[in-house]
Every structure is written in C-alpha cells, then in structure tokens.
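S.K.: Output the structure for:
(one chain, ligands or ions: 1)
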Amino acid sequence: MTTRKQRITGNWKMNLALDEALELARGIRNRVRAHVDSDVAVCPPYPYLEPIAQLLKDSPVQVGAQDMDAFASGARTGAVSGPMLRSVGCSFTLVGHSERRAIFGDTNEIVSAKLRAALEHDLDVTLCVGESLEQREAGTTFDVVLEQVESALSTIQAGQMNRIVVAYEPVWAIGTGHTATPAQAQEVHARIRSHIGHLYDADIANSLNIQYGGSVKPDNAATLKSQPDVDGALVGGASLDPESFIQIIRT
Ligand code: PGA
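M.R.: Numbering: from 1, shown residues only. You can find the predicted model right below:
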C-alpha cells in the first residue's frame, strides 16, 4: 500500500493587492520552513506569480497558476499560456475549478484540452472536479464527478499520471462555510480512486493524490485529512491568512 504525502494548496482566487500578496507569501515561507512533511503550494493571481515565485524560490512552497489557456500563443486577448507560466517560475496549474466552469464556461472538453496542454508545457496539474447542490440532491454526484475525471483524463497516458493531482471540491461547499462531512468526502474520494484504478491500474490509483476542497478551515481540516482517501486540501478563503493556512498544514 503506497503512503501518499499530504498536499495543501492555497487558492488565492481574485484577492489581494501586490504588497498584500507578497506579505502573505513571506508569512507562509517563514512558517513553512519547519513543516516540510506535507507538500505545500500556493496559487496567486497571474500578475503576482513572478515575484512570488522569486520570493519562494529557495523554500519548499510550490507556486502554481489558478488556470491556463489551452493554446501556447496567439491572438487570444486576456489569455495566459503554459509556456508563459513556466517562464515565470510556475511548476503547476489548477484546471477545471468550478468557478472557471460556472463563470467562464469551461466545459469538460476545454478542461481536457487545458490539462493536456499543461503537461505538454511541462506543468503539473491539479484537476478540480465536483458536483453542484442540485446534482447532489438528484443523486448524480458520482456520475458527474466520474464523468469530469474521465473526460479530463481521456488523452492522458499512464506514464503521465504522476504529474496529476485531483481535487474533489463539491460546488455547494466552496466559499459557503458548508463543508462536506468527512464521510461525504471519503465516499467520493474512494470512488474517484477506484475509477482511476479501473481506467489505469491499482498502482496509479494508490499513488494518486486526491485533495478535498470546500470551506476547509483549521477546525475541520484534521478530521477531513484523517480520512483514508483524503490526501490534503485545496484551500480558498482560509489560505489568505498565513496563520490559518499553516494550522491547516500542521493538523
Ligand atoms: P474555499 O474555496 O476554501 O473558500 O471554500 C476552495 C476552493 O474554491 O478552492
């Protein structure tokens, strides 16, 4: 049985001015030094990626983007490509965050294209999936989530799976304060893992890191992280305060 390292990622979303973002990054860097038993990562807004990647260069904290375009360059006003992210020091990107899906129209096909492009440009990927409240209440959670996983990974070979993390984020739990119960999270994580086993093999399934996201706070992180198939957290609101982010890492 593989032992998976916990991974805690802070998703800063569209928050903070530059000086606040740098201060937050410094606060995390200074506190994380002694706690390298988990992988720690942050996803600042695009304009801050380069200075924050510089600031965190000699620390264990990884820097990633919140999204990227599927194309490498061209007439795509407002878009940011994988090679650009690499050139400013990112090692990974999120794709398929529910806010990208709901607000910016990222379909499963677009998410799949972004994921493939990220790997082509040497970026690791955190693939976000999750059902809406309506879908949960209609009893279609597993169908929705497994379809998102399968479609995003449709062109991904077994040998590339070590570059991928999955983040299960029920939409109804994001930014609402209504976190999934540990049992609800565990149930979906276990289904994702067994589906990966079915699509690839048991070793890949056992090695896959599956983070939970959705209103993770210092006071609920421990029970979520203690579930056998929960390998860390993707944290939004609570990652904007270095103290609460560190507490989530330490629990
Ligand atoms: P939240 O956001 O922790 O504020 O709920 C999580 C996310 O969207 O990644």
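S.K.: count of residues packed around the closest residue to the ligand within the stretch 1-150 of the chain?
M.R.: Closest contact between the stretch 1-150 of the chain and the ligand, by CB to the nearest ligand atom, is at N11 (4.2 Å). All C-beta spots, glycine's among them, are computed from the backbone N, C-alpha and C. Around N11 sit 26 other residues, with neighbours defined as other CB atoms under 10 Å.
S.K.: next one: M161
M.R.: Applying other CB under 10 Å, we find 18 other residues in the vicinity of M161.
S.K.: Once you drop chain neighbours, what's closest to it?
M.R.: Leaving aside its sequence neighbours, M161 sits nearest to I204 (CB to CB, 6 or more residues apart in numbering; 4.9 Å).
S.K.: for the host helix or strand of that neighbour, the distance to its chain's centre please.
M.R.: Counting by DSSP states H and E, the secondary-structure element that holds I204 is helix 202-207. Chain-centre distance of helix 202-207: 19 Å, with CA atoms, centre = their mean, to the nearest Å.
S.K.: list the buried ones in it?
M.R.: Neighbour counts over helix 202-207 (16 or more other CB atoms under 10 Å) mark I204, A205 as buried.
S.K.: what secondary structure does the most centrally placed residue in the chain sit in?
M.R.: A centroid search over the chain (CA atoms, centre = their mean) returns T126, at 4.2 Å, as the residue closest to the centre. Using DSSP: H, G, I helix; E, B strand; the rest coil, the three-state assignment for T126 comes out as strand.
S.K.: quick one on the thing from earlier: for the residue of the stretch 1-150 of the chain closest to the ligand, what are phi and psi?
M.R.: With angles defined as degrees, to the nearest 10, N11 shows backbone torsions of phi -110, psi 110.
S.K.: ok, what's across the strand from it?
M.R.: With DSSP bridges as the criterion, the beta-bridge partners of N11 are C43.
S.K.: I'd like to know how far it sits from A41.
M.R.: In this structure, N11 and A41 are 9 Å apart, going by CB to CB, to the nearest Å.
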